[in-house]
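> Using only what follows, build the 3D model:
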Amino acid sequence: MSILVKNGIIVTSKSCYRADVLVEGEKIVEIAEKIPANSGMTVIDAKGKYLFPGAIDVHVHLQLPFCGTVSSDDFLTGTRAAAYGGVTTVIDFAIQTKGSTIREAVEARRKEADPKVCVDYGLHAGVTDWNERTKKEIGQIVESGIPSFKFFMIYKKQGWMADDGALYGAFLETARHGGMVGVHAENPYLIDMFTDELIAAEKKSCYNHALSRPNFTEAEAVKRAIYLAEQTNGNLYIVHLSTREAAEEVYEGKLKGVNVYAETGPQYLMLTDDKFKLKTGHLYATCPPVRSKEDNEALWEALEQGILEVLATDHCAFTSKQKAMWKGDFRNIPFGMPGVETMVPIAYSEGVSKKRFTVNKLVDLISTNPAKLFGLFPKKGAIQVGSDADIVVYDPKAKKKLSAKTHHQNIDFSPYEGLAVTGYPEVTLLRGKVIVDKGEYIGTPGEGKFVKRNAGSTLE
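Next up, the predicted model:
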């Protein structure tokens, strides 16, 4: 089947130009100023619209057991919502349990995902049991198409936390195979101390979630992870960076030549800790918490300057009923918020339309940089001949108000309720097939594929 996308403005990291795009099967086979249509083609007229390479959300948690419940978006609802939002690839996590192998975690996760996914997906290996057996698995896991490994510097009670020795060893071993270590960087000892002090003072309200995790608890952990990466010549990726101070540590690390990269998410650009003072403040609790307006602005600037290379969501949805499990004690809130469906519209409206960065920078942040860093480029992350035909026809003039009443994420509230955005995806193609057309999902659950990723990837 052939699809001809005509008259669109192709957006790359470096330029914008009008061209037609011919798709045959799953691939882009021709890009030219004018490609004649024939009777056997499906023609999509994209006049006045941008053509983005499909967005890649490298940080989602679908049907994740956490905080005594399971995140409300499964691999069906979460990836279908992604498609509505112009996201054609997600990377979730296969989290090892104590005593098991990484391979067992990957196999279990794929059984959950493969029958349901509406877009393509990859996995990070979540390492929680660092030992000689796990160390010996690293090369095999990289060869299987999973070159990124997630370590948690917190969550000791959940059995997930890695100490500095484990991180040091992981940096050394993954670097041998061209792999990347991603870290959730917070200092658990300080957080536990502040939490104990607050509880002793009978301060359990939602705002105390923010007070228990001041900015420096993230910045210190980021600095420590960077130092370990420097000493091992390892490859470090900081997930969901939330503070100005942590961004400064990443910048300093880059100046020293450390292989450090970082992401932030829309929640850290758009929301502030004032939300925790609301009656519904617990709905906004995630980890690390949303911060101040000053942090918001510092992170927008860090994205524009290239200090942070990736925009990702940490999509981990819990319904208001699940969030109510907190029962007035901030320690018991299921941490996480939705975001996979709204990431691209928010980034375009608040970033491009408000002139915080260019549309080329947007494509870098949501597609090209993620593809390069995580071993998908040029299969993904580009509109060029030979690449997968993951294409988003994006209407820069569309007007929409974000709302739980109209989104497709399996959750009954939106952190961005009522936010007016300019620009919205109109058509989403996944490997040459239209899966969303003018607000209607017309794909088939299970047609997404597991994507093997390459090791040794950089932004070069």
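> From here on, just use CA atoms for contacts and neighbour counts.
Fine.
> Please point out which parts of stretch 286-295 sit buried.
With burial defined by 16 or more other Cα atoms under 10 Å, the residues of stretch 286-295 counted as buried are 286-293, 295.
> Stretch 1-19 too?
2-13, 18-19.
> so which of those comes closest to G257?
Nearest to G257 out of the buried residues of stretch 1-19 is S13 (Cα to Cα; 23.5 Å).
> Tell me the secondary structure of the closest one, please.
At S13 the chain is in coil, as set by DSSP: H, G, I helix; E, B strand; the rest coil.
> Name the SS class of the closest residue to it other than its chain neighbours, please.
Excluding the flanking residues, the one nearest S13 by Cα to Cα, 6 or more residues apart in numbering is N360, at 4.7 Å. At N360 the chain is in helix, as set by three-state DSSP.
> Just the pLDDT for N360.
pLDDT recorded at N360 is 98.
> Identify the residues contacting it.
Contact partners of N360, counting by Cα atoms under 8 Å, 6 or more residues apart in numbering, are 11-16.
> can we see that at 10 Å?
11-16, 52, 352, 368 (Cα atoms under 10 Å, 6 or more residues apart in numbering).
> which two in the residues you listed are spaced the farthest apart?
Farthest apart among the contacts of N360 - using Cα to Cα - are V352 and T368, which lie 16.5 Å from each other.
> Quick check on those two: which one has the bigger neighbour count.
T368 (29 against 20; other Cα atoms under 10 Å).
> that's a helix at the more buried one, yeah?
Yes. With three-state DSSP as the criterion, T368 is assigned to a helix.
> What are the neighbouring residues in contact with it?
12-13, 53-56, 309-310, 360-362, 376-378, 380-383, 459.
> If we use 7 Å, what do you get?
Neighbouring residues of T368 by Cα atoms under 7 Å, 6 or more residues apart in numbering: 381-382.
> Look up how far R291 lies from E304.
From E304 across to R291, the span is 19 Å (Cα to Cα, to the nearest Å).
> Quick one: the strands in the stretch 51-200 of the chain, in order.
When secondary structure is read from DSSP state E, counting those that start in this stretch, the stretch 51-200 of the chain shows strands at 55-57, 65-66, 69-70, 87-95, 120-126, 148-152, 180-184.
> in its sheet, what does the longest one sit against?
This points to strand 87-95. strand 55-57 (parallel), strand 120-126 (parallel) (DSSP bridges).
> Give me whichever of these is most buried.
Ranked by average neighbour count under the criterion mean count of other Cα atoms under 10 Å, those are headed by strand 55-57 at a mean of 30.
> Now A82: closest residue in space that isn't a chain neighbour?
Nearest one to A82, counting by Cα to Cα, 6+ apart, is E341 at 4.9 Å.
> Would you double-check that the one you found falls in a strand?
No. Under three-state DSSP, E341 falls outside any strand and is assigned coil.
> Please tell me how far it sits from T313.
9 Å.
> wait, F335 sits on T286?
Yes. The criterion here is Cα atoms under 7 Å, and F335 meets it with T286 at 4.2 Å.
> What strand or helix carries E263?
strand 259-264 (DSSP states H and E).
> Run the chain-centre distance for that strand.
12 Å (Cα atoms, centre = their mean, to the nearest Å).
> Could you do stretch 373-381 as well?
14 Å.
> same thing with stretch 326-337?
The answer for stretch 326-337 is 22 Å, by Cα atoms, centre = their mean.
> Can I get that stretch as PDB, trimmed to CA atoms?
Provided in PDB are the C-alpha atoms of stretch 326-337 (Å, rounded to 0.1, in the frame of the first residue of the first chain):
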ATOM      1  CA  TRP A 326      -3.200   8.600  50.700                       C
ATOM      2  CA  LYS A 327      -5.900   9.200  53.400                       C
ATOM      3  CA  GLY A 328      -4.300  12.400  54.500                       C
ATOM      4  CA  ASP A 329      -0.700  11.100  54.800                       C
ATOM      5  CA  PHE A 330       1.600  12.300  52.000                       C
ATOM      6  CA  ARG A 331       3.800   9.200  52.400                       C
ATOM      7  CA  ASN A 332       1.000   7.000  51.000                       C
ATOM      8  CA  ILE A 333       0.200   8.900  47.800                       C
ATOM      9  CA  PRO A 334       0.700   6.800  44.700                       C
ATOM     10  CA  PHE A 335       3.300   8.900  42.900                       C
ATOM     11  CA  GLY A 336       2.800   9.600  39.200                       C
ATOM     12  CA  MET A 337       0.800  11.600  36.700                       C
END
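> For that stretch, buried residues please.
326, 329-337.
> Now render those as CSV, adding pLDDT, distance to N215 and secondary structure.
Shown next, in CSV, are the buried residues of stretch 326-337 (pLDDT from 0 to 100; distance: Cα to Cα, whole Å; DSSP: H, G, I helix; E, B strand; the rest coil):
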residue, pLDDT, distance to N215, secondary structure
W326, 97, 23, helix
D329, 97, 21, coil
F330, 97, 18, helix
R331, 96, 18, helix
N332, 96, 21, helix
I333, 96, 20, coil
P334, 96, 21, coil
F335, 95, 17, coil
G336, 97, 18, coil
M337, 97, 20, strand
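> now, which of those residues sits nearest G265?
The closest of those, once distances to G265 are taken by Cα to Cα, is M337, at 10.8 Å.
> hang on, the closest one packs against T286?
Yes. M337 is within contact range of T286, at 6.5 Å (criterion: Cα under 7 Å).
> D73 and E143, how far apart?
D73 is 30 Å from E143, by Cα to Cα.
> Pick out whichever of the two has more residues nearby.
The residue with more neighbours, out of D73 and E143, is D73; 25 against 14, by other Cα under 10 Å.
> does the more buried one really touch L62, like I thought?
Yes. Applying Cα under 7 Å, one finds D73 in contact with L62, separated by 5.6 Å.
> what's the next secondary structure element after the longest helix anywhere in the chain?
If you go by DSSP state H, the chain has its longest helix at helix 215-232. Once helix 215-232 ends, the next helix or strand along the chain (criterion: DSSP H and E) is strand 235-238.
> what's the neighbour count on the residue lying closest to V340 once chain neighbours are set aside?
Excluding its sequence neighbours, the residue lying closest to V340 (Cα to Cα, 6+ apart) is A82, at 5.4 Å. If you count neighbours by other Cα under 10 Å, A82 ends up with 28.
> what's the distance between the residue nearest to S13 and I366?
From N360 to I366 the distance is 10 Å (Cα to Cα).
> quick revisit: let me have the strands paired with strand 87-95 in a markdown table, extended by mean pLDDT.
Shown next, in a markdown table, are the strands paired with strand 87-95 (pLDDT from 0 to 100):
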| stretch | mean pLDDT |
| --- | --- |
| strand 55-57 | 99 |
| strand 120-126 | 98 |
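> Just send the ones you listed back as CSV, with distance to H177 too.
As requested, those are exported to CSV (distance: least, Cα to Cα, whole Å):
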stretch, distance to H177
strand 55-57, 24
strand 120-126, 14
